[in-house]
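A.B. asks: when you get a sec, could you give me coordinates for this:
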Amino acid sequence: MNTPAPKSAPESTSESAPAWRPWLVCSIGALSFCYAFFQRVAPSVMVTDLMRDFQASGAILGNLSAFYFYAYAGLQLPVGILVDRYGPRRVLTGGAVLACIGSLLFASADSLTQAYAGRLLIGAGSGCGFVSALTLAARWFPPRRFALVSGLIIMGGMSGGIFGQAPLAWAVAAMGWRGTMFAAAAVAVVLAVAIWLLVRDWPEPQGEARAGSTATGAGILAGVGRAVGMPQTWILAGAAAGLTAPLLAFGGLWGVPYMMVKHGLDRPVAAGAVSLILIGWAIGAPALGWLSDRLGRRKLPLIGATIVAAVSLAVLIFTPGLPLAAVNALMVVHGAAAAGMVICFAAIRELAPTAIAGTAVAFVNMSVTGMGAIFQPLLGWLLDLGWQGGMDGGARVYSVANFEQTFLVLSGVGTVSILIALLARETWCKPVGSTAEGR
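C.D. replies: I've put the predicted structure just below:
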């Protein structure tokens with residue numbers, strides 16, 4: 001979820017193309033993010049298999065999954081620059097090719113080193129998705145629709161995450177985790193072809209000439225310095241990261257084994273329950289984007305989202321004797337509230353000057369995806385600390401108490417996100433250039 005300072009499409013520009021064309025182009029961009037999110041959460045339904053095949057502890061498994069985020073988060077600013085210089089079409093295509101190669105490496109891995117390399121390349125390729133999709137949205141749609149279209153793109157990503165839960169669990173049961181990853185490599189090839197044939201960087205043919213950036217290396221570094229030097233960049237990055245950490249750590253890896261142990265569910269059913277968080281995200285992202293646009297406010301909806309997200313997660317995990325139906329409902333509520341992070345992207349685009357808006361968005365997204373790199377292995381390490389020696393089929397088994405003690409960290413993150421959101425500046429949904437600089 002990063003983008004290079006994209007120039008927003010003027011009202012006349014987006015309307016000069018056929019009405020269906022912006023939706024087609026941005027839908028393919030959303031498909032790239034959908035694929036990226038599928039790869040992001042896929043290890044959550046392979047925990048037992050990966051532990052067994054690689055003789056891995058919780059900490060090692062968390063690190064293996066997090067290699068995706070090491071590449072994804074680390075490349076956000078460089079990818080933003082590449083999109084600005086070469087356009088989203090080329091970058092998206094290259095990203096799909098990288099993800100294909102990474103999937104093949106991961107699927108055929110006979111050592112942890114090769115598995116690490118595969119996840120790293122998958123993360124690098126997937127890291128091109130959201131930046132390019134947001135850039136296409138900014139170029140093909142008028143500014144008044146950006147928060148809504150961004151929310152729809154996130155909804156597309158969540159559909160990939162949903163497919164990476166229960167449906168993938170069934171596929172793993174039928175074909176094994178290696179077979180499903182070979183299939184994922186084939187899907188990446190199809191995606192690369194579709195991007196190259198159907199996506200264009202600008203609504204009008206003459207706009208393609210604008211794709212190349214003339215910025216010098218010194219100018220790029222200066223832009224990064226300006227974006228990072230804005231206090232609101234850090235504040236919005238912190239709020240977005242706090243909303244996202246539970247999704248990437250709980251929903252993306254450790255939630256499925258937790259549901260299996262606490263509620264006695266088999267893996268596909270547990271994965272289906274955890275995927276309700278992603279369904280909540282899919283609903284909440286466009287809904288909160290639309291609500292924020294409609295209210296003409298950013299700060300108030302963001303604060304509300306952080307409060308609901310933190311409270312719902314705490315109730316979900318720490319309330320004793322909670323029936324499964326209530327747990328499922330709370331999964332949806334938490335996901336919908338956590339999707340409020342889309343407001344952070346809209347707000348930083350409005351607060352940052354146009355020349356560095358893309359870099360500021362890229363930094364926020366780097367912080368968001370970095371939560372997976374930090375919290376997936378951190379929770380695995382904490383689980384290992386409380387492990388009592390239980391094994392099942394060559395994989396470690398953690399107790400309910402062990403899981404819940406570990407998940408206290410996520411509640412702490414949720415509380416901090418509320419405090420950070422209180423520091424956000426209200427933009428009234430207007431770009432910085434249209435309001436007083438002292439605002």
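A.B. asks: where does this protein dip in pLDDT?
C.D. replies: When residues are selected by pLDDT under 70, those of the chain lie in 1-17, 143-144, 205-219, 354, 358, 432-439.
A.B. asks: list the buried ones in stretch 27-34?
C.D. replies: In terms of neighbour count (16 or more other CB atoms under 10 Å), stretch 27-34 has its buried residues at 27-34. In this view, the C-beta of every residue, glycine as well, is placed from N, C-alpha and C.
A.B. asks: any idea which of those residues is closest to residue 88?
C.D. replies: Ranked by distance to residue 88 (CB to CB), the buried residues of stretch 27-34 are led by residue 29 at 6.8 Å.
A.B. asks: so the closest one makes contact with residue 88?
C.D. replies: Yes. At 6.8 Å, residue 29 and residue 88 qualify as touching, with contact defined as CB atoms under 8 Å.
A.B. asks: any shared contact partners between the two?
C.D. replies: By CB atoms under 8 Å, 6 or more residues apart in numbering, residue 29 and residue 88 have these common neighbours: 132-133, 136, 199.
A.B. asks: redo those as JSON lines? Include distance to residue 114, neighbour count and secondary structure.
C.D. replies: Output for the shared contacts of residue 29 and residue 88, formatted as JSON lines (distance: CB to CB, whole Å; neighbours: other CB atoms under 10 Å; DSSP: H, G, I helix; E, B strand; the rest coil):
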{"residue": "132", "distance to residue 114": "28", "neighbour count": "33", "secondary structure": "helix"}
{"residue": "133", "distance to residue 114": "30", "neighbour count": "32", "secondary structure": "helix"}
{"residue": "136", "distance to residue 114": "34", "neighbour count": "33", "secondary structure": "helix"}
{"residue": "199", "distance to residue 114": "32", "neighbour count": "22", "secondary structure": "coil"}
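A.B. asks: closest to residue 375 among those?
C.D. replies: residue 133 (24.3 Å).
A.B. asks: where's the spatially closest residue to the closest one that is not a sequence neighbour, which helix or strand?
C.D. replies: Ranked by CB to CB, 6 or more residues apart in numbering and with sequence neighbours excluded, the top spatial neighbour of residue 133 is residue 29, at 3.4 Å. Using DSSP states H and E, residue 29 maps to helix 20-41.
A.B. asks: so which elements touch that helix?
C.D. replies: Where contact means 3 or more CB pairs under 8 Å, 6 or more residues apart in numbering; DSSP states H and E, helix 20-41 is packed against helix 58-74, helix 88-107, helix 112-126, helix 129-140, helix 146-163, helix 166-198.
A.B. asks: how far is that helix from where the chain is centred?
C.D. replies: The chain centre lies 12 Å from the centre of helix 20-41; the measure is CA atoms, centre = their mean, to the nearest Å.
A.B. asks: list the contacts of residue 338.
C.D. replies: So residue 338 contacts 243-244, 246-247, 277, 280-281, 284, 305, 309 (CB under 8 Å, 6+ apart).
A.B. asks: now residue 60
C.D. replies: 54, 112, 380.
A.B. asks: narrow those to those that are buried.
C.D. replies: So, by 16+ other CB under 10 Å, the buried ones in these are 54, 112, 380.
A.B. asks: for the residues you listed, which one is nearest residue 62?
C.D. replies: Using CB to CB, these come closest to residue 62 at residue 380, 2.9 Å.
A.B. asks: picking that back up, nearest to residue 359, of the helices and strands packed on helix 20-41?
C.D. replies: Nearest to residue 359, of all these, is helix 129-140, at 11.1 Å by CB to CB.
A.B. asks: nearest to residue 334, of the helices and strands packed on helix 20-41?
C.D. replies: Nearest to residue 334, of the helices and strands packed on helix 20-41 and by CB to CB, is helix 146-163 at 13.0 Å.
A.B. asks: what angle sits between the closest one and helix 129-140?
C.D. replies: 150 degrees (axes from the mean of the first three to the mean of the last three CA atoms, to 10 degrees).
A.B. asks: by contact count, what packs against helix 146-163?
C.D. replies: By 3+ CB pairs under 8 Å, 6+ apart, helix 146-163 packs against helix 20-41, helix 129-140, helix 267-295, helix 341-351.
A.B. asks: distance of residue 201 from residue 92?
C.D. replies: 10 Å (CB to CB, to the nearest Å).
A.B. asks: which one's more surrounded, the two?
C.D. replies: More crowded of residue 201 and residue 92, by other CB atoms under 10 Å: residue 92, with 30 against 22.
A.B. asks: SS state for the residue sitting furthest away from the middle of the chain?
C.D. replies: Distance from the centre of the chain peaks at residue 389, with 33.7 Å (CA atoms, centre = their mean). The three-state label given to residue 389 by DSSP: H, G, I helix; E, B strand; the rest coil is coil.
A.B. asks: equivalent analysis for residue 427, please.
C.D. replies: Applying three-state DSSP: residue 427 is coil.
A.B. asks: do I have it right that it meets residue 351?
C.D. replies: Yes. With contact defined as CB under 8 Å, residue 427 reaches residue 351; the gap is 5.8 Å.
A.B. asks: and of the buried ones among the contacts of residue 60, the nearest to residue 120?
C.D. replies: residue 112 (12.2 Å).
A.B. asks: ok, the closest residue to that closest one other than its chain neighbours - contacts?
C.D. replies: Once flanking residues are discounted, residue 112 sits nearest to residue 54: 5.3 Å by CB to CB, 6+ apart. Counting by CB under 8 Å, 6+ apart, residue 54 makes contact with 60-61, 64, 112, 115.
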